[in-house]
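K.L.:
I'd like to go over a predicted model; first the sequence, then the structure.
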Amino acid sequence: MKKNYSKYTVFLLLGFFVFFLSCTTEKNTLVTRTYHNLTAKYNVFFNGNESLKKGNLKLLDSYKDNYSRILPIFASSDEAAAKAVTPEMDKSIKKASKLIKYHSIKVKPKKQGGNSKRRKAFMAKNEYCNWVDDAYLLMGKAHFFKHDYFQARINFEYVLNQFKTQDIRYDANLWLIRTMIETAQYNKARESLDLMETDKNLPKRIKGEFAAIYADLFLKQKNYEDAASELRKAIDKTRKKKLRTRYKFILAQIYQYLKEYKNASNLYAQVIKMNPPYDMAFNAKINRATCYDVETGDSKGIKKQLEKMLKDAKNNDYQDQIYFALANIYLKENMMEEAMKNLLLSVEKSVSNNDQKSISYLTIADIHFSKLSYKPAQAYYDSAVTLLDSKYPDYDKISLKAANLTELVEYLTIVETEDSLQRVAKMPEKERFAFIDKLIEKIKEEEARQKEEERQHQMNMAFDQQRQGANNTQNQNQGGNWYFYNTATLSYGFAEFKRKWGNRKMEDNWRRKNKAIVISDDLAEDEQGTSQDSTKKPLSNKSREYYTKALPLTDSLMTISHIKIKDALYKLGKTYKEKLQDYPKSRESFESLNKRYPESEYQLNAYYELYLLGNISKNQSLANTYKNLITSKYPDSKYAKLLLNPNYFNELMTNSKIIDELYMQTFDFFKKGNYQEVLNNCLTADASYPENKQVHQFAYMKAVATGRTSNNETLKKELNELIKKYPNTEVIQPAQDILTYLKRGSLSDIKEKMTNSKFFADTATVTETESMLYTFNANTPHFYVVIVANKKEIDANRLSFNISNFNIDYFGMANYSVSSVIMNKDFNLISVKTFENKAQAMSYFTSVKASQDIFKDVSPDDYRHFVINADNFAAFYKDQDINKYNLFFTKKYIEQK
């Protein structure tokens, strides 16, 4: 027994010793390689790969295709879907890391006999565990699906560099190219694909995926012709039916976009036969219907099929798309009334598909716009923009068109409203009251009709509830009487909610379209409530006073009404011409302005706009008419000078540069006390450039120089004349300061004041070259900055306090910080931080400008304010030239809105 026991012990110890030796990665033997290959494959890698597969399936399940646009080749591009699979991908990364850490064998095996090619290749390997390269690739894929493209790239490049002779390099390269595409490195991706395509050893198994990645690149670049070519190859080389079905659907969408309707229709038919998921099959049928060619086909069968689809209960949630497809057929057949009817039904039936609803709105808007029906077009464009997401094709153009039309409609409304109010105001009182009474009677009738409709609706609702309640008594008894236990009542309530409000997300303030105005609206309601409580009751819309209050019944109110019409007519003409290119309407507006208000302050500008319209529309007679009117009635105007001298503006620009240089030279002399040179330059400016924009600044330097070259009495006289001549300019304050010092009788005290008295020079005196110190970047963090003169009468702390209060009142949720520092002996600097980008900062800047309270105690001549990005702020604080930055700010932020 002892002998046997000893023998078993020896075998056990030997087995344990062999196992221990095989576990180590410091030895490279057949035993260790076999052990680590088996363990790595069936334990670690298997679990990591399964987690990746699970995550990929989860990603596909959570991703919802948007069939209103061309589908992406890969669902992994969706950021929201990627977030959902983070746990699975983290597990894959953990397993891959474990495999590499515990199973990687890098040590070379002991040299044995033989010097064959195979032996040499074996000895040259960097890694002797067959699953380490797969682990690196697995880790890269997991990072890719997490959208951590930087780490993904590191892993794929490692595989390419370390395993150059193995087949896995092709897989790594494809994933690396996908990473380049997702990070918009399109040129690099194209170069890599082109190079890979020349490789004669490219495995057959990846050729379908290779073509699909090529197509993905072209799609992202909106190169649809080349994308179609690559998708055809992908379909031919791909075996998996699910992928081939998707590729065919995308190819059909591309053909449809390229208006190759026959090819698109054939592919959609193939997709339908491949038994795809219901959503894809449905959209294939819809898209095939919209591929109908009015020149070669008969629409009766297609319309019949779509109408049949409307009756199918499975399509209740898709009725908006079906009506939209019908509308498209009618549009192709130029049956506008039927098309519009179906588009409106598409909007009405749209419950949860905001993409379809926005496209239907957009199509209606385009129809109205093509007919020059701008008011309804504006309403539908506005509705479309509120639902479209910013990635929609041509979103910026659509938004701009909506904004331009909103502006136009605002001016049209002003003219129509003021004309109506004037017409009623001009009626005899008896006739006016009769008109108002008739209006009130209509309002009462409408309210009565609405009340009756609501009463009928409530009765029907009560009847339905009673009927449903009777049918579900047993369920109620079992479930309890509380509303949320009563499934019949609950479902009825839900249906009633959808009838009234449509499909809404579960969120605060769900009734509002614009959540950003919730706080200000609530405040406004509170203020209105307080105001109504503390003052008299608001007027009823069924009282005469409610209407007469808005009428221009006095001469002053009538004058204000006419001013509004004049302003709106001029702006209408400009908007039609510059933003909508509707030149006949523009002409109509300007001519209406001149006819109604023949001697208005807008007449010269309107004449010039009509002259330009004549040139644009090649109507020489119109252009000549208004050219003659301008040169005869306004011979000294800049427009007359331009019409008579085509080089007028070029000469003006040249003169402007000359005067800027002359001014800077004069100011340099002024600071150095070379007063005779100052006087010589000022005389040159007066004689050669009498209308220059620095005229008051030249006058200030001339006044000081004249006084300094004679006596104090002359200086006083010159400064007093300057103040009378230029009362509303920035030179007044320094002139008054010098006069104050002169009263004290100390000329030495005012020497510095005179030479440094130009607190804020006109920004035009700063040259373009000087302003190049700053670089424009709209998407970096920005600050709002106030530069205020360091004077006794200006309390910089009070100004900071005003800004802080303003932030609390209007930007309470933003948590902006306000700080104040002494910039130098002349100026204090107040800053508000931090805004995400230029747009946010400029919005704040506009709000500050509109405020009545912030700068109420500070003269406009004593401060400048602007927005500035973080990099430029550092440069500005070092340079401290306010005018230099102000020129940059004006050009890049104000003029280029």
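P.N.:
On my side now, so go ahead.

K.L.:
Mind jotting down where the helices sit in the stretch 701-850 of the chain?
P.N.:
Under the criterion DSSP state H, counting those that start in this stretch, helices of the stretch 701-850 of the chain are mapped to 712-725, 732-744, 747-755, 768-771, 796-810, 838-850.

K.L.:
what does stretch 679-687 contact?
P.N.:
With contact meaning Cβ atoms under 8 Å, 6 or more residues apart in numbering, stretch 679-687 is reached by 659, 662-663, 665-666, 669, 692, 694-695, 698-699, 701-702, 705-706, 709. (Each C-beta comes from the backbone N, C-alpha and C, glycine too.)

K.L.:
Name the residues of the host helix or strand of residue 573 that are buried.
P.N.:
Residue 573 belongs to helix 555-578 when assigned by DSSP states H and E. With burial defined by 16 or more other Cβ atoms under 10 Å, the residues of helix 555-578 counted as buried are 558, 561-562, 564-577.

K.L.:
The contacts of stretch 679-687, buried ones only, as a ChimeraX selection?
P.N.:
Buried residues within those, by 16+ other Cβ under 10 Å, are selected in ChimeraX with:
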select :659,662,663,666,669,692,694,695,698,699,701,702,705,706
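
K.L.:
Of the contacts of stretch 679-687, which is the nearest to residue 372?
P.N.:
Proximity of those to residue 372 was ranked by Cβ to Cβ; the top entry is residue 692 with 45.4 Å.

K.L.:
Could you give me the buried positions within stretch 391-399?
P.N.:
392, 398-399.

K.L.:
returning to that earlier point: which one of the helices of the stretch 701-850 of the chain lies closest to residue 65?
P.N.:
The nearest among those, by Cβ to Cβ, is helix 838-850 at 31.8 Å.

K.L.:
hmm, who's touching the closest one?
P.N.:
So helix 838-850 is contacted by 778-779, 782-784, 803, 806, 810-811, 832, 835, 854, 865-867, 869, 893, 897 (Cβ under 8 Å, 6+ apart).

K.L.:
what angle sits between that helix and helix 796-810?
P.N.:
Orientation check (axes from the mean of the first three to the mean of the last three Cα atoms, to 10 degrees): helix 838-850 against helix 796-810 gives 110 degrees.

K.L.:
thinking again about what came up before, who are the packing partners of the helix holding residue 573?
P.N.:
helix 395-425, helix 583-596, helix 603-616 (3 or more Cβ pairs under 8 Å, 6 or more residues apart in numbering; DSSP states H and E).

K.L.:
of those helices, which approaches residue 879 most closely?
P.N.:
Per Cβ to Cβ, nearest to residue 879 of those: helix 395-425, 35.1 Å.

K.L.:
what about that closest one, average pLDDT?
P.N.:
Averaged across helix 395-425, the pLDDT comes to 92.

K.L.:
Tell me the buried residues in stretch 301-312?
P.N.:
302-303, 306, 309.

K.L.:
Can I get that stretch in CSV, CA atoms only?
P.N.:
Output of stretch 301-312 as CSV, limited to C-alpha atoms (Å, rounded to 0.1, in the frame of the first residue of the first chain):
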residue,chain,number,x,y,z
GLY,A,301,-52.5,50.6,-59.8
ILE,A,302,-50.0,52.4,-57.5
LYS,A,303,-52.7,54.6,-56.0
LYS,A,304,-55.0,51.6,-55.5
GLN,A,305,-52.2,49.7,-53.7
LEU,A,306,-51.5,52.7,-51.4
GLU,A,307,-55.2,53.1,-50.6
LYS,A,308,-55.3,49.4,-49.8
MET,A,309,-52.4,49.9,-47.4
LEU,A,310,-54.3,52.7,-45.7
LYS,A,311,-57.0,50.3,-44.8
ASP,A,312,-54.6,47.7,-43.3
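
K.L.:
now the helix ranked longest in the chain, how far from the chain's geometric center?
P.N.:
Ordering each helix of the chain by length in residues (DSSP state H) puts helix 429-471 first. Offset of helix 429-471 from its chain centre (Cα atoms, centre = their mean, to the nearest Å): 43 Å.

K.L.:
Okay, angle between it and helix 395-425 too, please.
P.N.:
Going by the same axes, to 10 degrees, helix 429-471 makes 130 degrees with helix 395-425.

K.L.:
From the contact counts, what lies against helix 429-471?
P.N.:
Helix 429-471 packs on helix 395-425, helix 487-501, helix 544-548, going by 3+ Cβ pairs under 8 Å, 6+ apart.
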